[in-house]
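A.B. asks: Fold the following, please.
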Amino acid sequence: MRRVLNFLFPLIVALAAVSCVDEEEYSDDPRGNFEALWKIINEHYCFFDYKNSEYGLDWNEVYARYSRQIDNSMTSTQLFEVLGNMLGELRDGHVNMYASFDQSRYWSWREDYPSNFSDSLQRRYLGTDYKIASGIKYRKLDDNIGYIYCGSFSNTIGSGNLDEILMDLATCNALIVDIRNNGGGMLTSAETLASRFTDEEILVGYMQHKTGPGHNDFSALEEQKLKPSSGLRWHKPVAVLTNRSVFSAANEFVKYMKCCPGVTIIGDKTGGGAGMPFSSELPNGWSVRFSACPMYDRNKNCTEFGIEPDHNVQLTDSDFAKGRDTIIEYARNILNQ
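C.D. replies: Sure, this is the predicted structure:
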């Protein structure tokens, strides 16, 4: 037994030493938290090549510039500001850092785009006699076009509910699916709704996974396919309405719908952010979260930073003053042709 222990003890020590080397620990002070955050992004963020080609981002240069701003005597508020500004260099609205007192975010992601949605205008189209099923609001407009508003994919969309909705709107000549301001939720709900607009399995895109700490360590592209629902399906023209506040699973829904027959995307570029989120924690307990799974459309274009509509239409002040939603009216005009 002593001989076995004499053999195992050096082995355990060696393994512990390797573990210590692999898992670098940082101190809970401004310098340690800075180093930890920079490394987390450096090893897990997926879009360095894209950002470099777009505006010349050099993450090592960012390290050198922000490292000079770190002082161990700075307050938590000062550190949060510096680290938040460093993350802002990514120009990515899906990268967030969370502390007990604040959340860092890249405001330009939305501020550079108009909202292109108005609750008050939508109420004029929905009226007070609209129906609701699985969180989806729907009704027939006066030109015999069906109108569906899906503001979230946070909850399960029931198959029976969708059957009832499509049955109720079956006599309509066309359908508007409005997902403006849909911040996402469950990908399965997005797939459930999209599956009502195809009669066959279709290729809708591709995805990758990060496989290592290198900026280009990714798996091969994996196909994403959308299967048709076994329930009632829609076969008439469809317009999907979008704006910059369409994120995550809703962004994927737009990607799916672009591949379905008879579908036109109208409105503004979506907000993107379809990749599966990655989360990590700094030594001081602050957390950081960002997309860590590149997603692509069927033409292998990255969808992380938004999807362009087929028709870019903006909500105008003149229409707003008249109580008209420019994007809805444009869709009605297209569908009535």
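
A.B. asks: My guess is Thr242 contacts Arg180. True?
C.D. replies: Yes. Contact criterion C-beta atoms under 8 Å: Thr242 and Arg180 qualify, at 6.3 Å. Any C-beta I mention is one placed from the backbone N, CA and C, and that applies to glycine too.

A.B. asks: quick one: which of these two has more around it?
C.D. replies: Thr242 (33 against 27; other C-beta atoms under 10 Å).

A.B. asks: before we move on, back to that, need the overlap of contacts for Thr242 and Arg180.
C.D. replies: Common neighbours of Thr242 and Arg180, counting by C-beta atoms under 8 Å, 6 or more residues apart in numbering, are Gly267.

A.B. asks: any idea how far the nearest residue to Phe218 once chain neighbours are set aside is from Thr303?
C.D. replies: Leaving aside its chain neighbours, Phe218 sits nearest to Gln208 (4.6 Å; criterion: C-beta to C-beta, 6 or more residues apart in numbering). According to C-beta to C-beta, to the nearest Å, Gln208 stands 12 Å off from Thr303.

A.B. asks: Need the residues touching each of the two.
C.D. replies: Counting by C-beta under 8 Å, 6+ apart, the shared contacts of Gln208 and Thr303 are Tyr296.

A.B. asks: which of those two has more neighbours?
C.D. replies: Thr303 (23 against 17).

A.B. asks: any weak-confidence spans in this protein?
C.D. replies: Flagging of the chain using pLDDT under 70 yields the residue ranges 1-23, 109-112.

A.B. asks: quick one: the strands in it?
C.D. replies: For the chain, the strands defined by DSSP state E occupy 96-99, 102-104, 131-133, 136-140, 145-149, 174-178, 202-207, 222-226, 238-242, 263-267, 277-281, 287-291, 295-297, 311-312.

A.B. asks: which outside residues touch the last one?
C.D. replies: When contacts are defined by C-beta under 8 Å, 6+ apart, strand 311-312 is touched by residues Thr264, Ile265, Ile266, Gly267, Asp268, Lys269, Tyr330, Ile334.

A.B. asks: For it, which strands pair with it and how are they oriented?
C.D. replies: Strand pairing for strand 311-312, determined by DSSP bridges: strand 263-267 (parallel).

A.B. asks: Tell me who's in contact with the nearest residue to Gln224 once chain neighbours are set aside.
C.D. replies: Distance criterion C-beta to C-beta, 6+ apart; nearest residue to Gln224, sequence neighbours excluded, is Gly205 at 4.5 Å. Counting by C-beta under 8 Å, 6+ apart, Gly205 makes contact with Glu223, Gln224, Lys255, Tyr256, Met295, Tyr296, Asp297, Arg298, Thr303.

A.B. asks: Likewise for Phe34?
C.D. replies: By C-beta under 8 Å, 6+ apart, the contact set of Phe34 is Tyr66, Ser67, Ile70, Leu79, Val82, Leu83, Met86.
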